[in-house]
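*Asks:* Predicted model and sequence below, questions to follow.
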Amino acid sequence: MRLYRVILLIIALCGVGLRSDAQQTNRWVVEETRGEETLYSEFPLDVAGVWKQLDSVSDELKNAVGIESSSEPVEVILFSTHASYVQYLSQKIPQARNRRAIFLRNGAVSQIYAWNSRTLMTDLRHEMVHVRIHQHLPFFPLWLDEGLAEYFEEEPGKRSVSSRRDSVRWKARLGMSPSLRALEGLPSAEAMNGDSYRDSWAWVSFLINNSAESRDTLRKYVKLIYRGEAPGPFSNFAEAESPGLTSRANSYFRKMTIVVTLDSSDR
Ligand SMILES: [Zn+2]
């Protein structure tokens, strides 16, 4: 956790010069502001469609987990090609080269950088989850941060046919369920591989879909962090709050039932 926060702080400092770059350059063919949110793009695109996707992510996060949207500024900065994206970011954020999209926090301004790939909408949804989490909370465990981003990056109707679902189910039936303790032991984002992302997704899927009890436990954990308390590792918190809950995850992983829509009445 401490390492991850240090990384975010460094990234925030790196981002200092980037905001003015986005505002001053005339490279954008689209520049649209909606309230506190601005979208810059090197290529024409369906701006209303982007706002709709980002709004739906924010609504779901609020309804399912209790992470509220903030009125702090958000900048979405889009490039027409990977080369253009890398060229723009490479000096200040060399690690962007290996990522399809990146989220930065620059003071109160949250920025999403991405390029026009086949997965653009999914990438924007993913990074928007990080934006909302870091606007709302002073810190958050890495596995939950990435697990929520992986979960909500897919539109609701696509989640139950996610390829990750088959993989987790198959492994769970062979006795290899994702380990929460292993996820909690990840020291930094750099230590995460594809399996860590998938397993974080699986644990978030369990918490959101298994029962009202599992969902409430996650919401209570979020609320404590929001209030500035330090609830410790989620596994310890969950065991105290709802004994036996996490041990029921193994049977969930063998089925991986995913609810398509979740409104506030399901809480
Ligand atoms: Zn992420």
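*Replies:* Ah, there it is. All figures in this text were calculated on a predicted structure; none of them were measured in a lab.

*Asks:* for the ion, what are the nearby residues on the protein?
*Replies:* 146, 149 (C-beta under 5 Å from the ion). (Glycine included, C-beta is placed from N, CA and C.)

*Asks:* Spatially central, which residue of the chain would that be?
*Replies:* Closest to where the C-alpha atoms of the chain average out (C-alpha atoms, centre = their mean) is residue 149, at 2.4 Å.

*Asks:* ok, that residue - contacts?
*Replies:* Contacts for residue 149 (C-beta atoms under 8 Å, 6 or more residues apart in numbering) come out as 126, 127, 129, 130, 133.

*Asks:* Tell me where the stretch 1-150 of the chain is predicted with low confidence.
*Replies:* 1-24 (pLDDT under 70).

*Asks:* Show me the strands in it, by range?
*Replies:* 30-34, 37-41, 74-79, 101-106, 109-115 (DSSP state E, counting those that start in this stretch).

*Asks:* closest to residue 249 out of these?
*Replies:* Residue 249 lies closest to strand 101-106 among those, at 27.8 Å (C-beta to C-beta).

*Asks:* Any chance you could give me the closest one in PDB, C-alpha atoms only?
*Replies:* Extracted in PDB, the C-alpha atoms of strand 101-106 (Å, rounded to 0.1, in the frame of the first residue of the first chain):
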ATOM      1  CA  ALA A 101      -4.200   4.000 -21.200                       C
ATOM      2  CA  ILE A 102      -3.100   5.700 -18.100                       C
ATOM      3  CA  PHE A 103      -4.700   7.600 -15.200                       C
ATOM      4  CA  LEU A 104      -2.800  10.400 -13.500                       C
ATOM      5  CA  ARG A 105      -3.700  12.600 -10.600                       C
ATOM      6  CA  ASN A 106      -2.300  16.100 -10.900                       C
END
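
*Asks:* For that strand, name the packing helices and strands.
*Replies:* helix 2-14, helix 16-24, strand 109-115, helix 120-136 (3 or more C-beta pairs under 8 Å, 6 or more residues apart in numbering; DSSP states H and E).

*Asks:* relative to helix 120-136, how tilted is the shortest one?
*Replies:* Interaxial angle of strand 109-115 relative to helix 120-136 (axes from the mean of the first three to the mean of the last three C-alpha atoms, to 10 degrees): 160 degrees.

*Asks:* buried ones in strand 109-115?
*Replies:* Buried residues in strand 109-115, counted by 16 or more other C-beta atoms under 10 Å: 109, 110, 111, 112, 113, 114, 115.
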